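Enquirer: Using only what follows, build the 3D model:
(one chain, ligands or ions: 1)
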Amino acid sequence: MIVLKSPREIALMRQGGDILADVIEHLRAVVRAGMSTKEIDEEVESFIKRRGAKPAFKGYRGFPATVCVSINDEIVHGIPSSHRRLQEGEIVGLDLGCIVGGYYADCAFTLAIGDVPSGVQKLLDVTRESLELAIDECRPGRRLSDVSHAVQRHVEAHGFSVVRAFVGHGIGRALHEDPQIPNFGEPGRGPQLKPGMVLAIEPMVTMGTWEVKILDDGWTAVTRDGSLSAHFEHTIAVTEQGPDVLTRKNGNRL
Ligand code: MG
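Expert: Okay, here's the model as predicted:
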């Protein structure tokens, strides 16, 4: 069942979204080669707590950290470590969530550490663009799979693949609510979008095939063929006027 949110509930989720947007600005300024992924996690945890919010992922089904840090062929759910330091030329996906007044907000972006080859930059750009195209479908009367299709069409037109094993989701009093939002599918299917729906849309895109495997830590999902992977995510409210991106501030793009 898809739970519709009241304006008051959406306002709380926007408060969380504002915090995540500010964290991301901060991370863009401080994340660099040589930093350990554990240090990133500590930065984010203290930032979220300073703003009076609660980290959403820490302890969620036993996840041990505030941020999921997924490097290169890691797609999602990488665990921060004091032993893993970022290197020039890597790409790092940072997925973060917080809770304000009992409501969740969820956001992710992928950052290049220093210079990366143009093909890798293209992966990041196409994934980010596919999220924007999906957001534009978040309007009353569109169907859920219109969102999914917008991602797949753009990604595959550029020769990349969309991951099947993980999907976007409704969000609200729980981190993962109905509906599930695949990043692939034929348009015109599934429930009609309605004002008050809040969706976390999160394309996960690879330079190779879409098959995944989970590492022995039980969390980290990597591409089976070792190809690079990117991940971008926003939390969006469907309104009469169209999409309202709750995790965006001042029109900033991820
Ligand atoms: Mg999510």
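
Enquirer: Contacts made by stretch 49-56 with the rest, please.
Expert: 15-16, 19, 22, 44-45, 48, 66, 96-100, 104-106, 175 (CB atoms under 8 Å, 6 or more residues apart in numbering). No exception for glycine: its C-beta is placed from N, CA and C like everyone else's.

Enquirer: Near the ion, list only the ones from those residues.
Expert: The residues of the contacts of stretch 49-56 that also fall near the ion, by CB under 5 Å from the ion, are Asp106.

Enquirer: What sits closest to Val162 if chain neighbours are left out?
Expert: Asn183 (4.3 Å; CB to CB, 6 or more residues apart in numbering).

Enquirer: From the ion, how far out is the one you found?
Expert: 12 Å (CB to the ion, to the nearest Å).

Enquirer: My reading is that that residue lies in a helix. Confirm?
Expert: No: assignment of Asn183 by DSSP: H, G, I helix; E, B strand; the rest coil gives coil, placing it outside any helix.

Enquirer: which secondary structure elements does the helix ranked longest in the chain contact?
Expert: If you go by DSSP state H, the chain has its longest helix at helix 7-30. Counting contacts by 3 or more CB pairs under 8 Å, 6 or more residues apart in numbering; DSSP states H and E, helix 7-30 is packed against helix 37-50, strand 91-100, strand 103-112, strand 234-239.

Enquirer: which one of those lies closest to Leu133?
Expert: If you check each of the helices and strands packed on helix 7-30 against Leu133 by CB to CB, strand 234-239 wins as the nearest, at 12.2 Å.
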